[in-house]
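# Using only what follows, build the 3D model:
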Amino acid sequence: MEINLFQVLSTIALAIETSAPELNGHHKRTAFIANELAAELKLVPKYREDVFISALLHDIGGLVKKDYLIAIDDQEPYSHAHATYGASIFKMVPLLADKASIILHHHRKWGYGQGEYQD
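Residues are numbered from 1 along each chain as shown. Have a look, this model is predicted:
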């Protein structure tokens, strides 16, 4: 049996969205936009794939507690705990472990001029 990685990852993304239907295609749209940006930045294929996979599954930590996905745009600190849970999940999967920091920081905002990010 041949396993198609994109289909497996898309199924996981669908599971995330099923737990929070109000997201309605958010993960596939995010992955598409992230992939387009990575292409514009002329990232090498390996990094483009990392960006795509991370964007597709960036809210996987929300499966731990659905409330974190519902409050995804909330500015309360607890609303982004799904990023920590997601990074922990990625660290447990050898194929995803090197992308855990992307998941952990996906709600961070970049500062102006210094390349520093802020919560």
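
# For this protein, which element, helix or strand, carries the lowest mean pLDDT?
Taking mean pLDDT, DSSP states H and E as the measure, the helix or strand of the chain with the lowest value is strand 117-118, at a mean of 47.

# so what's T11 up against?
By Cβ atoms under 8 Å, 6 or more residues apart in numbering, the contact list for T11 is empty. From N, CA and C alone the C-beta is placed, and that goes for glycine too.

# Check T30 too.
So T30 contacts 55-56, 58 (Cβ under 8 Å, 6+ apart).

# Could you dump the residues you listed into JSON lines with neighbour count and distance to D98 added?
Putting the contacts of T30 into JSON lines (neighbours: other Cβ atoms under 10 Å; distance: Cβ to Cβ, whole Å) gives the following:
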{"residue": "A55", "neighbour count": "24", "distance to D98": "15"}
{"residue": "L56", "neighbour count": "22", "distance to D98": "15"}
{"residue": "H58", "neighbour count": "25", "distance to D98": "15"}
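
# Torsion angles phi and psi at I3?
The phi/psi pair for I3 (degrees, to the nearest 10) reads phi -100, psi 130.

# That one - how many residues pack around it?
Here the number of neighbours of I3 (other Cβ atoms under 10 Å) works out to 6.

# I'd like the distance between it and L95.
11 Å (Cβ to Cβ, to the nearest Å).

# With secondary structure, pLDDT and distance to A31 added, can I get the contacts of T30 in JSON lines?
Formatted as JSON lines, the contacts of T30 follow (DSSP: H, G, I helix; E, B strand; the rest coil; pLDDT from 0 to 100; distance: Cβ to Cβ, whole Å):
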{"residue": "A55", "secondary structure": "helix", "pLDDT": "94", "distance to A31": "4"}
{"residue": "L56", "secondary structure": "helix", "pLDDT": "92", "distance to A31": "4"}
{"residue": "H58", "secondary structure": "coil", "pLDDT": "90", "distance to A31": "9"}
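
# quick one, what contacts the residue most central in space within the chain?
When Cα atoms, centre = their mean is applied to the chain, the residue found nearest the centroid is H58 (1.3 Å). With contact taken as Cβ under 8 Å, 6+ apart, H58 is in contact with 27, 30, 83, 86, 102-103, 106.
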